[in-house]
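Undergrad: Got a predicted structure here, sequence first:
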Amino acid sequence: MRLALYTGILLAGGYTCLTPALAADPTGDWRVADGVANIRVAQCNGSMWGAVSWEKQPGGRDENNPDVSKKNRPTLGMPTLIDMKKKAGADQWEGQVYNAKDGQLYSATISPVGTDQLEIKGCVLGFLCGGETWTRVGPPIPASLANAMAKGAPKSPGAAPKAGATTGATAPAPGTAKSASAAKPGQKGAADPVGDICLLPEIAGFTH
């Protein structure tokens, strides 16, 4: 059974040159298997979180959520990978995935495959498992400075990556390069309306 994480919205993007040293890093922007979404994955206070970072068809709403108060929330910026913890001795993270098609949470794992693919698997009550492979469209993201500063931890080294894969305009063809003027994660703008997903209220409220 193929795990479908998102309905008719989101995605596309260009590839960024990556090195083998990044093989086990699940952070960055990823294209879902059916090519309709970008999911931005970042480390927020020790856990991996994922949120919708770009919509192919803007204006989506979480209309299948059983929580009436969330049915009208925008799908842009909506958490999809929830509080995923590193599995000891493996390049795998375990947590939950939100399936917008039915508004339910499922047990899930994510595992980097090489430098440019992310394998995601989800199960209902330990069975009826399915999965898919996402393709990298944005480089790895350093640990959130917002979370580091909130916890009094040192800032993560390295420059923040470009977020050109999250432009909210017409989707470019897969494999095309992005504009160097795109905003960096953590900086909201026309090119990147989501920014640092660790600052999104639903994620920040959970991790702090």
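TA: Looks like it came in fine. Numbering: from 1, shown residues only.
Undergrad: Tell me which other helices or strands the host helix or strand of residue 129 touches.
TA: Here residue 129, judged by DSSP states H and E, is contained in strand 127-136. When contacts are defined as 3 or more C-beta pairs under 8 Å, 6 or more residues apart in numbering; DSSP states H and E, strand 127-136 packs onto strand 28-31, strand 117-124. All C-beta atoms are positioned from the backbone trio N, CA, C, and that covers glycine.
Undergrad: Specify the angle between the last one and strand 127-136 in degrees.
TA: For strand 117-124 against strand 127-136, the angle by axes from the mean of the first three to the mean of the last three C-alpha atoms, to 10 degrees is 160 degrees.
Undergrad: Now strand 117-124: buried residues?
TA: 118, 120, 121, 122, 123 (16 or more other C-beta atoms under 10 Å).
Undergrad: elements contacting it?
TA: If contacts are counted by 3+ C-beta pairs under 8 Å, 6+ apart, strand 117-124 sits against strand 93-99, strand 104-113, strand 127-136.
Undergrad: if we go to 7 Å?
TA: If you count contacts as 3 or more C-beta pairs under 7 Å, 6 or more residues apart in numbering; DSSP states H and E, strand 117-124 packs onto strand 104-113, strand 127-136.
Undergrad: Can you give me the distance of the closest residue to residue 47 other than its chain neighbours to residue 138?
TA: The shortest distance from residue 47 to any non-neighbouring residue, by C-beta to C-beta, 6 or more residues apart in numbering, is to residue 83 (4.8 Å). Between residue 83 and residue 138 the computed distance is 22 Å (C-beta to C-beta, to the nearest Å).
Undergrad: Taking strand 93-99 as reference, get the angle to the helix or strand hosting residue 52.
TA: Element membership of residue 52, judged by DSSP H and E, is strand 47-55. Angle, strand 47-55 to strand 93-99, by the same axes, to 10 degrees: 30 degrees.
Undergrad: Which residues does the helix or strand that strand 47-55 is followed by contact?
TA: For strand 47-55, the succeeding helix or strand toward the C-terminus, using DSSP H and E, is strand 79-86. Residues outside strand 79-86 that contact it (C-beta atoms under 7 Å, 6 or more residues apart in numbering): 5, 39, 41, 47-52, 93-98, 105, 110, 202-203, 206.
Undergrad: per-residue pLDDT, residue 68?
TA: Here the pLDDT value assigned to residue 68 is 95.
Undergrad: oh sorry, the question was meant for residue 138
TA: pLDDT, read off for residue 138, is 93.
Undergrad: any idea what it is structurally, helix, strand or coil?
TA: Put simply, residue 138 is coil when judged by DSSP: H, G, I helix; E, B strand; the rest coil.
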